[in-house]
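*Asks:* Here is my input, please return the structure:
(one chain, ligands or ions: 1)
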Amino acid sequence: MADHAESHGKKSGVSTDEQLSAQLAEDQPIPGAEEEEEDEDDEVDAPTGAGAEASTTSTKPKKKRKPKKKKKAVTEDGETTNPSTVAQSPSSSKDIQNILQQLALAQAGGAPKEGKPQEEYKFWNTQPVPKFKEPSLLQTTNGGSLPEGPILPDAVCKAAAKAEPEKLVDGFEWDLLDLETDDGMQELYDLLYNHYVEDAEGSFRFNYSIEFLNWALKPPGWKREWHIGVRTKSGADGKKGKLVAFISGVPVTLKIRQKVVKATEINFLTVHHKLRSKRLAPVLIKEVTRQCYRNGIYQALYTAGTLLPTPVTTCRYFHRSLDWSHLYKNGFSHLPQRSTEAMQVRKYFLPSKTGTKGLRPMKVEDVPGVKALLIKYLERFHLKQEFSDEELTHLLCSKASKDVVWAYVVEQDGEITDLVSYYLLESTVLKATSKSTIRAAYLYYYATTAAFSPNASSTLQPRLSSLINDALILAKKDNFHVFNALTLLDNPLFLKEQKFEPGDGKLHYYLFNWRTPPLGGGVDEKNEVDASKMGGVGVVML
Ligand SMILES: CCCCCCCCCCCCCC(=O)SCCNC(=O)CCNC(=O)[C@H](O)C(C)(C)COP(=O)(O)OP(=O)(O)OC[C@H]1O[C@@H](n2cnc3c(N)ncnc32)[C@H](O)[C@@H]1OP(=O)(O)O
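*Replies:* The predicted structure follows:
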C-alpha cells in the first residue's frame, strides 16, 4: 500500500514546498492532481467545504470490501452506478476462472506477499523495532538469543531527545493542537474526515466523531505535547495556517507477558492527501517519539493495516451484518451467489429482546467490580492494558464515553459477573450519490467469570456467544448497521456462531522499542480464524 502512495506522489508532479504550502493554505489544486480531486469533490459531501481531496492509499483497512469485480461498477468518469448493480457476482466464466485461480494461489501460499523487502524501509530501518528476519528470542547467528525487553536502553533514548523539534521545510510549522477548545477539535475532525484511513478501493473512509476524538485523545494523564499537528505557516495577520498533518499519543500502562511497561498508544497519524509520499510521516513519528522520550516514555503500542517491520501479531477483521439491506445498498456487503436479498435479511435476523438474565447498562458504581473482573480476565492474554479506576471509568462510563461507548454488565446476587461493550465508529460512503454513512459498532472490552470456572472449556464458549448475541441485539436496536470484531481476545470462540463474516482487513500490532516473541492473533497461517492461536492480544485499539 505504501507502493501505491509512492506512485501517487510521483504522478502529482508537485512543485516546490513553498508553492505547496501556499496552495494548501488557499486550498488550490496541485498541478497534475486536479483530475482525481475534482472526481472526489463530486463524491464527498464534506461538511466543512474543505476543498478538493485526492484519492489515496489505504493503510488501515477495517471494513469489508467489495470483491475486485465490483470496482468496474464505477465508470471512468467517476460516476457511481446504482448501488444495487455494484454488488454482483462474477458474470463471465473468465471472471470465475480468475477468482478460482487467485483462491488456489492464496491457499497454496503463493499469493503476492504484503509490504516490501526490509532494505526498502528507509525510515523504519533507522528505528528501534525488530527486523522482519529477526525472530525475537529465537537463535541469532552466534547462537545466542535476543533478550525480551527494550531494544534501546532508557538512557540512550533520553540522551537522544533533543530540546527542539526537527525543522520543517519552508512553509510549514509545528503546532500542538488545543483539543480543549471547540475550534481545535473541529479542525482535527475536519482533517480526519477528509484525509484519514480509507479501504483499499477508496469506497469508505473512517469518520471519527468529535465526541469520539474527545474521548480517545483525552484519557486520564493525556498531554497536549502528544497532540502534534503540522500547519502551513501563519499569515502576516498572525492567523494560524491550515492543519495538514497530525499524530497523537495517549498514555497507557501495558503488561507485556510478565513486564509492566509505561507506554504511549500512538494513533490518528494523518497526512493531507496533497502532501502524501513526501516523507512527512517519518517526521511526525520522530516528533512524537521525541515528545515521549522527553516525558520519560520509551515504548509505544500502535496498529496499522500497513505491513511495517515488524508486527508482534496480526489479527483479522470480521463483520456481522445488522442491517444487511443498508450495507448492500452502500456497497459494503455483496449478494452471495445462490442467495437473494430476502434470504440475506433473514439470515441476519435478530430477536428484539436480550437473553441474559441480569444484563443492564453499566453505571459508575460498577467500576470496582468491572475492574476486578476485567483485570482477571485479561490476565489470560500476553499483551494487555492495566487500568486504574479513573481510566476504566473514562473508557466505559464517563461523560466523555457517552454516545461513543455502550457498556453493559451482568449483575447476579450483587456481583458483576460479565461485561460487554462496543464503540461507535461511522464510515463515510465515498461513492454514494447522496451523503451516506455506515454506522459500525466495534467490539470493545468484555469479560466473564465463566472463564474462571473449573470447567471453563465447556462454559466459556456458550457464555460468550450469548453475551455477544445480546450485544448484537442491543446494537441493532440502536440503529447500528454492522458489528465489527477482530480475532483478538477470545473472539474466535464465537465469531462463526454469531454469523460474523471474515473481512479483507488485517490489523498489525506493533511495539516500539520493545522485543518480545510473536503473539497469537487468533488466525492461522492461512488467515483463517483459529481458537488455538488465541491468548495473545488483550488490548483493543481504536
Ligand atoms: C516511545 C514513543 C514512540 C512513538 C512512535 C511509535 C511509532 C508510531 C508509528 C506510527 C503509528 C501510526 C498508527 C496509525 O495512526 S495507523 C493509521 C495511519 N493513517 C492512515 O492510514 C491515514 C491515511 N494515510 C495517510 O495519512 C498517509 O498515507 C500516512 C500518514 C499513513 C503515511 O504518509 P505518506 O503515505 O505520505 O508516506 P510518507 O512519504 O510521509 O512516509 C513514508 C514512510 O512512512 C511509513 N508509513 C506509511 N504508513 C505508515 C503507518 N501507518 N504507520 C507508520 N509508518 C507508516 C512508510 O513505510 C514509509 O517508511 P519507510 O517504508 O521508508 O521506512
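*Asks:* tell me what the longest helix anywhere in the chain is packed against?
*Replies:* Counting residues, the longest helix found in the chain (DSSP state H) is helix 456-477. Other helices and strands packing on helix 456-477, by 3 or more C-beta pairs under 8 Å, 6 or more residues apart in numbering; DSSP states H and E, are strand 405-412, strand 415-429, strand 437-448, strand 482-486. Heads up, the C-betas are built off the backbone N, CA and C, glycines and all.
*Asks:* So what are the sheet partners of the helix or strand following the shortest one and their directions?
*Replies:* The reference is to strand 482-486. Downstream of strand 482-486, the next assigned helix or strand under DSSP states H and E is strand 501-512. Applying DSSP bridges, strand 501-512 is found paired with strand 300-304 (antiparallel), strand 313-321 (antiparallel).
*Asks:* quick revisit: any idea of the angle the longest helix of the chain forms with strand 437-448?
*Replies:* Inter-element angle recorded for helix 456-477 and strand 437-448: 150 degrees (by axes from the mean of the first three to the mean of the last three C-alpha atoms, to 10 degrees).
*Asks:* For the remainder of this discussion, apply numbering that starts at 757.
*Replies:* Got it, first residue is 757 now, which makes that one helix 1212-1233.
*Asks:* ok now helix 1212-1233, how far from the chain's centre?
*Replies:* Averaging C-alpha positions (C-alpha atoms, centre = their mean, to the nearest Å) puts helix 1212-1233 24 Å from its chain's average.
*Asks:* Show me which residues of that helix are buried.
*Replies:* Going by neighbour count (16 or more other C-beta atoms under 10 Å), the buried part of helix 1212-1233 is 1215-1217, 1219-1232.
*Asks:* one step back: would you mind finding the most buried of the strands paired with strand 1257-1268?
*Replies:* Most buried of the strands paired with strand 1257-1268, by mean neighbour count (mean count of other C-beta atoms under 10 Å): strand 1069-1077, with a mean of 24.
*Asks:* Show me which residues of the stretch 957-1106 of the chain are close to the ligand?
*Replies:* The stretch 957-1106 of the chain comes close to the ligand at residues 1020, 1022-1027, 1032-1038, 1041, 1044-1045, 1048, 1053-1056, 1058, 1060, 1062, 1064, as judged by C-beta under 6 Å from any ligand atom.
*Asks:* Pull out the buried residues from these.
*Replies:* For these, a burial check counting by 16+ other C-beta under 10 Å picks out 1020, 1022-1027, 1032-1034, 1036-1037, 1041, 1044-1045, 1048, 1053-1056, 1058, 1060, 1062, 1064.
*Asks:* can you tell me which of those are in helices?
*Replies:* Using DSSP H, these in helices are 1036-1037, 1041, 1044-1045, 1048.
*Asks:* Compile those into a markdown table and extend it with columns for pLDDT.
*Replies:* Below are these laid out as a markdown table (pLDDT from 0 to 100):
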| residue | pLDDT |
| --- | --- |
| 1036 | 98 |
| 1037 | 98 |
| 1041 | 98 |
| 1044 | 98 |
| 1045 | 98 |
| 1048 | 98 |
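*Asks:* tell me the angle the helix or strand hosting residue 1149 makes with strand 1161-1168.
*Replies:* Using DSSP H and E, residue 1149 sits within helix 1145-1153. Here helix 1145-1153 points in a direction 100 degrees away from that of strand 1161-1168 (the same axes, to 10 degrees).
*Asks:* Quick check: residues of the chain near the ligand?
*Replies:* Proximity of the chain to the ligand, by C-beta under 6 Å from any ligand atom, involves residues 758, 761, 813, 815-816, 877-880, 951-953, 1020, 1022-1027, 1032-1038, 1041, 1044-1045, 1048, 1053-1056, 1058, 1060, 1062, 1064, 1268-1269.
*Asks:* low-confidence ranges in this protein?
*Replies:* Applying pLDDT under 70 to the chain flags the ranges 757-869, 891-900.
*Asks:* Helices along that one, start to end?
*Replies:* Under DSSP H, the chain gives helices at 758-768, 773-782, 790-799, 839-842, 849-863, 910-916, 938-951, 966-973, 1036-1050, 1080-1085, 1097-1103, 1123-1134, 1145-1153, 1212-1233.
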